[in-house]
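Undergrad: Just a sequence and a predicted model for now, questions to come.
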Amino acid sequence: MDARQLKIAAAQAALEHVEDGMRLGIGTGSTADEFVRLLAEKVADGFRVQGVPTSERTARLCVELGVPLFSLDDLPELDLTIDGADEVDGSLGLIKGGGGALLREKIVAAASARMIVIADETKLVETLGRFPLPIEVAPFGMTATRIAVERLAERLGLSGAIELRPERDGPFLTDGGHFILDASFGRIPDAEALANGLVAIPGVVEHGLFLNMASAAIIASQSGARTLLAKD
Ligand SMILES: O=C[C@H](O)[C@H](O)[C@H](O)COP(=O)(O)O
C-alpha cells in the first residue's frame, strides 16, 4: 500500500464507527479528506449524517461531494469526530495543526462525545515533538507572544526554532484570521506542562497539543488497520 492507500484504510476503518443519523465532526487534512470521500459514497446511498466541518477546506469538499453540513452552533453537541493527526503517542496524545485547522478542530473535538483519530503508522511516536508544534497566535503583538513562548520553552527545558508559518505572500492565515508559530522542540517530555503554559499566554489563541481528547486512534500499516484505545 502506498501512503494514500494507508490513509484510505484508516478512513475506511473509521467509517465503521459512524452510525446512521449521527451528528459528526469532520476533521481536516489529507487523511480526513479520504474519510469525507468514503462518507460521501455512503451518503449518496442514503446514509444520513449531520456533519460539522473543522475548516473551510473540509466544508468545501463536503459541499462538493454532497455531505450535509451544519454549523457547530446548529449542532453544539456531537456524537463523534473523526480527524487526522500529525503525531500520535501511546497515550493518544496528539500534535495537530499541520494544516492550520487546530482551533476549529479542538473546539469540534471538545464538543464531541468521542474523537477517533485516523493516521498511518508514520505518525506514531514514543514522545510528541518530532513534528513542529503549531501554536495559533493573535496577529496583534505576535513578537511579544513569540518571546513569551520562548521564555516558557526555556523554563521547561525545551529548545528549538519557533518560526512564523509563511504562505506565498506573507504569513499563513488560519480560518480564524490568526497566525501560526511552528515550534521545533524535537521532543516534548512534559506535554501537559507545555499545554498549560501555552494557554496562560494571552496572545496564544490555541495550540496543537490535543491531550486526553482522543478516545481511539486507528493506525493503518502494511499489515492492516489497528485500533489503539485511550486508557480510562
Ligand atoms: O490542521 C490540520 C490537521 O490537524 C490535520 O488533521 C493534520 O495536519 C493531519 O493532516 P494529514 O492527514 O494531511 O497528515
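TA: The structure has been received and is ready for your questions. Fair warning: this is a prediction, and the values are worked out from it, not measured in the lab.
Undergrad: Could you use CA atoms for every contact and neighbour count after this?
TA: Fine.
Undergrad: Kindly provide the distance from the nearest residue to residue 172 once chain neighbours are set aside to residue 144.
TA: Once flanking residues are discounted, residue 172 sits nearest to residue 166: 5.0 Å by C-alpha to C-alpha, 6 or more residues apart in numbering. Separation of residue 166 from residue 144 (C-alpha to C-alpha, to the nearest Å) stands at 18 Å.
Undergrad: Secondary structure element for residue 182, which one?
TA: Residue 182 belongs to strand 179-183 when assigned by DSSP states H and E.
Undergrad: Other residues contacting that strand?
TA: 100, 132-139, 146, 160-165, 171-174 (C-alpha atoms under 8 Å, 6 or more residues apart in numbering).
Undergrad: what residues are up against the residue nearest to the spatial centre of the chain?
TA: When C-alpha atoms, centre = their mean is applied to the chain, the residue found nearest the centroid is residue 96 (4.0 Å). Counting by C-alpha under 8 Å, 6+ apart, residue 96 touches 84, 85, 86, 87, 102, 133, 134, 208, 209, 210.
Undergrad: For it, give me the pLDDT.
TA: Per-residue pLDDT puts residue 96 at 98.
Undergrad: Over to residue 231?
TA: 77.
Undergrad: hang on, it is in a strand, isn't it?
TA: No: using DSSP: H, G, I helix; E, B strand; the rest coil, the assignment for residue 231 is coil, not a strand.
Undergrad: residues near it, how many?
TA: Number of residues near residue 231 (other C-alpha atoms under 10 Å) recorded here: 10.
Undergrad: Hmm, it is touching residue 93, no?
TA: No: under the criterion of C-alpha atoms under 8 Å, residue 231 makes no contact with residue 93, lying 11.3 Å away.
Undergrad: State the distance from the residue nearest to residue 172 to residue 228.
TA: For residue 166 relative to residue 228 (C-alpha to C-alpha), the value is 34 Å.
Undergrad: Kindly report the same for residue 92.
TA: 8 Å.
Undergrad: So between these two, which is more surrounded?
TA: Taking other C-alpha under 10 Å, residue 92 and residue 228 do not tie; residue 92 has more neighbours (24 against 17).
Undergrad: residues touching the closest residue to residue 50 other than its chain neighbours, list them.
TA: Spatially, and ignoring its direct neighbours in sequence, residue 50 is nearest to residue 23 (4.7 Å; C-alpha to C-alpha, 6+ apart). By C-alpha under 8 Å, 6+ apart, the residues touching residue 23 are 49, 50, 51, 52, 75, 77, 78, 79, 80.
Undergrad: Surely residue 23 forms part of a strand?
TA: Yes: under three-state DSSP, residue 23 falls within a strand.
Undergrad: Would you mind listing the buried residues in the helix or strand harbouring residue 103?
TA: Assigned by DSSP H and E, residue 103 belongs to helix 102-110. By neighbour count on 16 or more other C-alpha atoms under 10 Å, the buried set for helix 102-110 is 102, 103, 104, 105, 106, 108, 109, 110.
Undergrad: who does the lengthiest strand in the chain touch, helix- and strand-wise?
TA: Assignment by DSSP state E gives strand 112-120 as the longest strand of the chain. The contact analysis (3 or more C-alpha pairs under 8 Å, 6 or more residues apart in numbering; DSSP states H and E) places strand 112-120 against helix 3-15, helix 30-44, strand 78-83, strand 216-221.
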